[in-house]
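Engineer: My questions concern the predicted model and sequence given below.
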Amino acid sequence: MQVFHHIQSIREALGVDRLAGKRIGFVPTMGNLHSAHIELVKIAQQSCDIVVCSIFVNPLQFGLNEDWDKYPRTFDADTNKLREVGCDYVFYPSEQEIYPNGMAEQTRVVVPTMIDVLCGASRPGHFEGVTTVVSKLFNIVQPDEAVFGLKDFQQLAVIRRMVEDLCMPVDIIAGPIFRAEDGLALSSRNGFITAAERPQVTVLNQSLQQALTHIEAGRRDFAELELEAVATIEQAGFKVDYVNICNSRTLTPAADDDTDITALGAMYTESARLIDNISLELT
Ligand code: AMP
């Protein structure tokens, strides 16, 4: 496994692979890798000859009061895991390499509307930071396919939209949500959950599941179902950011005749913000 710090050197290596006709897969991450990230690498390996994983804690997608400085950085452990799974290349650039002109001067990529709801409503500028850095990384790696996890459902929808709107020649592959045994979605931020909170945090997943069970049984009073989920989470002692039941494709509020529905939620523990979602296809 080779580790690259510079755009030019990874481009040179990938140029040789591309000329040799190799299919290139890409898994962008912010590091602190857990088994979900590794599963995404395995998904890319199924259809690609060369898999690149990037590790970059992108400052452009963090708000001023968010946890960029606290975000866990575990490069040595990350590269060990990637080596073990047989990842080919790691791209680990500095902030200077990605934003040589500074963040304020950086050209931005903005997907309108979809970024103003759900996580975008409470994290202004977040998705603009994501689409900007993902565009840059796509231009650097020029992958045939890129794998993203469904855990970040809105991120995946926004990236699909960006790729479609800007005619980017990349296949976007969705990986499933990988969870702990009790249903908690794996996340780098789970390390911020205290031992006392840990048994309770599954309430986020359970409340979304409860809402979908009611929808499957025929209920369509989505606003009421959202309020019930919020109440369940609050009863467990957590502050709710949002619970929304949406059309899975557009992320607009679900309508009575929608067949693809996703319940999405975000809540705060003492020192983490956790997100989750569950999708339902009605036939
Ligand atoms: P991050 O390092 O948090 O930016 O995540 C990098 C990629 O891993 C993104 O595509 C995430 O959606 C994905 N990911 C993180 N946690 C999970 C999970 N529990 N299940 C599936 N994908 C995940």
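Structural biologist: Received it, and whenever you're ready, just let me know what you need.
Engineer: Show me what the residue in the stretch 101-250 of the chain positioned nearest to the ligand is bridged to.
Structural biologist: Closest approach between the stretch 101-250 of the chain and the ligand, counting by C-beta to the nearest ligand atom: Gly149, at 1.9 Å. The way it works is simple: take the backbone N, C-alpha and C, and place the C-beta from them, glycine included. Beta-bridge partners recorded for Gly149 (DSSP bridges): Gly175.
Engineer: Equivalent analysis for Asp276, please.
Structural biologist: Applying DSSP bridges, one finds that Asp276 bridges with Gly265.
Engineer: does stretch 115-123 come close to the ligand?
Structural biologist: No. Applying C-beta under 6 Å from any ligand atom, one finds stretch 115-123 out of contact with the ligand, separated by at least 12.0 Å.
Engineer: Give me the residues contacting that stretch.
Structural biologist: For stretch 115-123, the external contacting residues (C-beta atoms under 8 Å, 6 or more residues apart in numbering) are 63, 66, 114, 126-128, 131, 154, 158, 241-242, 244, 246, 251-252, 264, 266, 275.
Engineer: switch to 10 Å and redo it
Structural biologist: For stretch 115-123, the surrounding residues in contact (C-beta atoms under 10 Å, 6 or more residues apart in numbering) are 61-63, 66, 111, 113-114, 124-131, 152-155, 157-158, 161, 241-244, 246, 251-253, 264-266, 268, 273, 275, 277.
Engineer: re earlier: count of residues packed around the residue of the stretch 101-250 of the chain closest to the ligand?
Structural biologist: By the measure other C-beta atoms under 10 Å, the count of residues near Gly149 is 23.
Engineer: if I look at it, how far off is Cys119?
Structural biologist: With distances taken as C-beta to C-beta, to the nearest Å, Gly149 is found 14 Å from Cys119.
Engineer: Thr74 too?
Structural biologist: Counting by C-beta to C-beta, the gap from Thr74 to Cys119 is 24 Å.
Engineer: of the two, who's got more company?
Structural biologist: A count of neighbours by other C-beta under 10 Å puts Cys119 above the other of Thr74 and Cys119, at 20 against 16.
Engineer: Give me the nearest residue to Trp53, chain neighbours excluded.
Structural biologist: Quick fix: residue 53 is Cys, not Trp. Ranked by C-beta to C-beta, 6 or more residues apart in numbering and with sequence neighbours excluded, the top spatial neighbour of Cys53 is Val27, at 4.7 Å.
Engineer: List the residues that contact the one you found.
Structural biologist: Contacts of Val27 (C-beta under 10 Å, 6+ apart): 33, 37-45, 51-55, 82, 87, 143, 145-149, 173, 175.
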